[in-house]
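K.L.:
sequence first, predicted coordinates after that:
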Amino acid sequence: MSKAGPASVEFRNVSMRYGAVTAVDNVSFTIEAGKLVTLLGPSGCGKTTTLRMIAGLEIASEGEILIGGKDVTRLSAADRDVSMVFQSYALFPHMNVLDNAAYGPTVKGLPKAKAQEMALEKLALVGLKGFEKRYPSELSGGQQQRVAVARALVLEPQVLLFDEPLSNLDAKLRRRVREEIRELQQTLNLTVAYVTHDQEEALAVSDRIIVMSNSRIAQEGTPRQLYEEPADAFVADFIGDANMVDVTVKSVADGRAAVAIGPASVSLAARGLQPGPAKAAIRPQSLLVSRHESQGALPGNVRKCAYLGNHLDLMIETAVGELFVISHDVDDMLVPGTPVWLSFASSGVILVP
Amino acid sequence: MRPATRLVLLTGWLGYVLIPWYLPEGMSLAGYPFGKSGTALALVLSGAAPWLAPIGVALVLASLLSVRQENATTGKLLAWIGFAGLVVFFAQGFAITLKDQGMPTLAALLGGAGAAQPGMGFGALVTLVSLLLLLCHGLAYRGLCRGDVFTTSSIGIVIMLIALFIFLPVSTILRSALVDQSGNLVLGEFVERFFSPTIWGLGCLGANTNCGVAWNTLILAVLTGVITTLLGLACALLILRTGMPGKRAMRLLTVLPIITPPFVIGLALILLFGRSGLFSTFLFDWFGVPRSRWIYGLPGVLLAQVLAFAPIAFLVLIGVVQGIAPSLEEASQTLGAKRWTTFRTVTWPLLRPGLANAFLLGFVESMADFGNPLVLGGNFEVLSTKIFFAVVGAAHNQGQAAVLAVVLLGFTLAAFWAQQYWLGSKSYTTVTGKGDSGLPTPLPRRITWISALVIGPWVALTAVIYIVILMGGFVKTMGRDHTPTLQHYITGFSIDFSRGLYFDGSAWPSFFTTLKLAAISAPLTALIGLLTAYLLTRQRFAGRGALEFATMLSFAIPGTVLGVAYILAFNVPPVEITGTGLILVIAFVFRNMPVGVRSGIAGLSQIDKSLDEASATLSARSFTTLWRVVLPLLRPALVAALVYSFVRSMTTVSAVIFLVSAEYNLATAYIVGRVEAGEFGLAIAYSSVLIVVMAIGISLIQLGVGERKLGRRGTPALASSAAEPIKQG
C-alpha cells in the first residue's frame, strides 16, 4: 500500500439537512495538510455532523467536500482515505486488541501476517506493546482510547478524525492524553480534525480552531486570534471567560478608540467600530483590583469573594453591572461591601464588533 | 460497471438462455430447449412465446452498458433498464396465464392474445432476480444508500419477497372477495355476502338460533383476552411481589405454549371432559352425574384458549410489573399511603397500558386460533374454522372463504392498529437509566388471596393437562380402558429392523417431512428476518417506514387467512407452486419472519451503531461490516430466531393445513386428521413426541447459547422472552 501522506480537507458551501432541520448551514473552510484543526462549539452546533461528513458517515445535502484536492462528496466512508476515533472508542468487543488494530488492513484484503505487523507497529507507537491478546473489556479507559487511536492510524489515512476523544476520561488523564495526541500528530505529520466542546482542550492542541454556533461557523483562526480578537460576543464568551459590558465609543482616531466604560474611560483597538454604543469583552484577569481610587478606574463594591488557592474569584458590583474578576493577590481577602476601584490591563479588554 | 454488476448480468443471461423458463412437469427435460422445458431465448426465436422478447431486449441493453464507466448516468440508465425489465416481466406473467384467464387486453398488447403459459420456473426466477439486482445496482451507482450495492440489493430483495409473498396473496384474497368466478366485479354480491346473517346475525339474543360467526369470534376473543390478562396479572403479581415458591416452575410454564401445537390443549380437554373423558367418567361412576357434551362449544374452546394463551399474557405482564420502579411505590408510602392505597393509586394506573397490551395479544391469538375451535367447536363456529370449511368442505366456496377472511383480517388489523398507535404513545416507561435501589412493596393481602385462589386451579389444570398429554399415549383409550400399552407408539413410530432400517410407522413420513421443511425454512427465516432488521435499524432509505409497517403487518395476518391467500394466489400461473414442498417452506418463512425481525431488532439495538461506523471508516463495506462485526455480536439473536422459527414451523397448523398434500403432509395436519378420525390415542402420542422433541431442542440451544444478556438488573430471564411474539394457530 502506498503511503498517501497527509492531505488537506476543503468544504465548499456544505449544508446538511434532516427534513426540516438544518444541522450544518452553508459552511466553507479549509484544513491544511499536516495541521490539527479543532471544531469547537456547544452541543448541537453541528460540529459532529461536520466531522461525520468528512468521514463519509453522513452524505452532505449540498456543497462539495474535497480531500487532497479530490472531490469526495458522494463517496462512502469505506471509499475515503479517512479514519476516525470515536467518542465511545467503538472497539469491536468480540476481537482482541491485535485483531481490532489489524481490522483495517484485514478487510482491505492484506495477508494476515502483514496486517498484524502493521497493527503491532502502531500499537507499539501508542505504548500498548504486550497488550495484543487482551480484549477491550479487559482494558482501562485510557488504554481503550489508545487502541482506538492505533486502529485508526494503522491504515495511515490521509485525514484522521477525533470525535470528542477525551470525554470518557477523567480530568487528570485528559490532559496527558491530549498532549500525546498532539505529539503524535506532529511527529507523524498528520492532518487531524478534532471535535470538542471543551475550549481549553481546543486551545491546548490546535493549530487552528473553527468555532461553530447554530449550524454555522462563528469564527475561524489560531487559538490566539480567537482569544484576543473574538469576532462576536458568542466567541468572546465561549473562548475563555469574559464579562460582556455595554460601552460607548466616544471617538476613533488612528485605529484607536476612546471608550467609556461607565464612569471610567480607556483606549482600545477600534476594530473598525464607529462612535456610538458598543459592546466590550473584558477578561476577568484583566480587571485589576485596587482599594484606592485612581485616574480612569471603575468604582465598585465587592459582593462575593471566594478563595481558590492560587487566586480569588470576585464578584464586583459596578455601574455597568456585576463583573467577574480574578485576583491573584490571595492574601488580601476582600469582605463583601468593601469599596474597590477597577483598572484595565493592557490586554484582555476588547471591543466586540 | 462493477464486476458484481457484470456477474448479475451474466446470471440474467444464464436464466434467459440456458435454464428452462417454466416449471417443467415432473422435472422432465423432454424437448429442451424448446417446448415445455424450453429456455426463454429458444421460445422467443421459435415464435412460441414472443412476449418474452422484451425481457431479452432489457438484458441486451444492460449488456451494452457493461463497458461504460461507473457513474450517475450509467446508474440511471441501468436502473431504468432493470425497472422496465421488471415491469415487462410481471406484465407478461400476470397477463398471460391459463387459457381465458389473466388480463386479455394486456396480453394482446404483449403479442400473446389467446395464448397460455404455465407457471414460472427456475429460468424465470434467475432472470427476475437479475433484473431486480440490475435495478438496485443502478440505484447504488446513482448514490443511493451511499452507493452501497449490497445495501440497495438487500432492500430490493426484501421488498420483492414481501410484495410477492405477503401483499400479492392478501390482495388476491381481497380481489376474489370482490369478483365472481369469471372475473367480473360483483360489488352487490360482495355486500350481500359480507352482511349475510350467517356472519353478523344476532339470532342468539332474541330468537333461539345461532349468532353470526363474526359475533361468536368476537365474544370468544374478548372473553379469552380478559381472562388470560387477569390470570397473567395474578400470576405476575404473585411471582414478583410475594414470597411464593415455584418461580422456576413458572419459567417452564412460559415455554410450554411455544412447544405445544395449539390444538393439543383442546385434545387433552376432550380426553378429560369429553363424554367418555377421564373426569366425566369419574363423575358418572361415583356421583351419577350424567355425561354431557358441554365441552363442545364456547365453554370448551374458551377453556382451551385460556389455558393455551394465559402464559403469553403472563410473559407480557411480568415485564410490565418488573418495569414499575419500586421507588414510586416507596414515595407513595413515605407520603402516608397504606399498601392498598398505594396499589390502587400508583401501581394499578402504571399497569394499565401493559394490561391493555396483554388483552390485545390474547384477543388476536384467540381470533387467529384455528386448532382448538376445530377440535372443540362443535356447533360453535368461528371465522377461522368457517374459512377452513368453506375451502375444504362440501360447499367449496372460495368467494365465501375470501369474504370471511376479509372480516377476520379486519378484526385482527383493527386490534393490531389499536395496539400500535393507541398504546405505543401511552406506555409509562418507568425504567430509567438510573439505578433504582428501592424494594417493591409487598402486595396488599386481599389481592394476594384473590390471586392465589385464581392461580391455584389454573396451574393445577395445566399440570393435569400435560400429564394427560404425556400419559395418554400409553393407555388403550383414555377414559375408557386404561390398560397400559405401547400400541399407539408402535402404530405411529415403529421401526422395522428385519429388512435393514425401515421406518414403517404411519407417522414417520409426516414427521420427517416436518423436520425437513422446518430445517430448511428456519435458516431462511433467520436470514431474511435478520437482514430486514439490519436494514430497518441501520440503514436510512426512502420507504423504510413502509417496509417496517409491512413486516409488522404480517404479524397481524392470521394463519388461516394466509393459508387461504396462498392457495388462491399460487394455484395458478405465474406462480404455481401449490402441492409442492416449496409453498410450505415459503409459508413457514413468511409466517415466522416477524420473529426473526423482532429478535434481530432487539439484538441490534444492543449493539452500538458506532461499531458499524468504525468499521466503515476502516474501509469495510456494508457486507464486510455485517459479516465481521454485526453478525458475531448478533449470535444470540441469530440462534433465537433459528430456534423459534424451527419450533413454530413444527407446531403451526392453521396456515399449512390448506397447503399440505399427500406427498408433503405435516405432523400437525396429520394429527388433526387423526383427531377427526377419532384416533385420539395416536394423536396424543404423536403430540407428546413433538413436545418432547422440541423441548429437547430448546434446552440444547439454551445450554449452548446461554440466556440472553438482557437481565442487567438481575431480572429473571423470563423477561427476555417477553419480547418474543408467540403466535401460532
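P.N.:
Sure thing, it's come through.
K.L.:
is it true that residue A:302 lies in a strand?
P.N.:
Yes. Assessed with DSSP: H, G, I helix; E, B strand; the rest coil, residue A:302 lies in a strand.
K.L.:
partners of it in the sheet?
P.N.:
residue A:316 (DSSP bridges).
K.L.:
that one contacts residue A:341, doesn't it?
P.N.:
No. Residue A:302 is beyond contact range of residue A:341, at 11.4 Å (criterion: Cβ atoms under 8 Å). C-betas here are computed from N, CA, C, even on glycine.
K.L.:
flag every residue of the stretch 1-150 of chain A that's near chain B.
P.N.:
A:55-57, A:59, A:74-80, A:82-84, A:86-88, A:90-94, A:103-104, A:107-108 (Cβ under 8 Å from any Cβ of the partner chain).
K.L.:
how about a cut-off of 6 Å?
P.N.:
A:55, A:57, A:59, A:74, A:76-78, A:83-84, A:86, A:88, A:90, A:92, A:94, A:103-104, A:107-108 (Cβ under 6 Å from any Cβ of the partner chain).
K.L.:
among those, name the buried ones.
P.N.:
Buried by 16 or more other Cβ atoms under 10 Å in any protein chain shown: A:55, A:57, A:59, A:74, A:76-78, A:83-84, A:86, A:88, A:90, A:92, A:94, A:103-104, A:107, out of the residues of the stretch 1-150 of chain A next to chain B.
K.L.:
now, the residues you listed that are in strands?
P.N.:
A:83, A:84 (DSSP state E).
K.L.:
among the buried ones among the residues of the stretch 1-150 of chain A next to chain B, which ones are in helices?
P.N.:
A:55, A:103, A:104, A:107 (DSSP state H).
K.L.:
in chain B, which spans are strands?
P.N.:
Using DSSP E, strands in chain B cover B:475-477, B:481-484, B:495-496, B:502-503.
K.L.:
quick check: residue A:63 is in a helix.
P.N.:
No. Under three-state DSSP, residue A:63 sits outside any helix and is assigned strand.
K.L.:
what's the burial count for residue A:168?
P.N.:
Residue A:168 has 15 neighbours, counted by other Cβ atoms under 10 Å in any protein chain shown.
K.L.:
now it: which helix or strand?
P.N.:
Residue A:168 is located outside every helix and strand, with elements delineated by DSSP states H and E.
K.L.:
excluding chain neighbours, what is closest to it?
P.N.:
Nearest residue to residue A:168 in three dimensions, chain neighbours excluded: residue A:141, at 5.7 Å (Cβ to Cβ, 6 or more residues apart in numbering or on different chains).
K.L.:
tell me the contacts of the residue of the stretch 1-150 of chain B found nearest chain A?
P.N.:
Taking Cβ to the nearest Cβ, chain A has its nearest neighbour within the stretch 1-150 of chain B at residue B:146, 3.9 Å off. Residues near residue B:146 by Cβ atoms under 6 Å, 6 or more residues apart in numbering or on different chains: A:59, A:76.
K.L.:
nearest residue to the residue nearest the centre of chain B in space, please, no chain neighbours.
P.N.:
By Cα atoms, centre = their mean, the mean C-alpha position of chain B lies nearest to residue B:591, the distance being 2.7 Å. Closest residue to residue B:591 apart from its sequence neighbours, by Cβ to Cβ, 6+ apart: residue B:655 at 5.5 Å.
K.L.:
didn't residue A:344 look like it was pressed against residue A:268?
P.N.:
No. Contact criterion Cβ atoms under 6 Å: residue A:344 and residue A:268 do not qualify, at 8.7 Å.
K.L.:
ok, the residue nearest to the centre of chain B to chain A distance?
P.N.:
Distance from residue B:591 to chain A, counting by Cβ to the nearest Cβ, to the nearest Å: 32 Å.
K.L.:
so what pLDDT did that residue get?
P.N.:
Note on residue B:591: pLDDT of 85.
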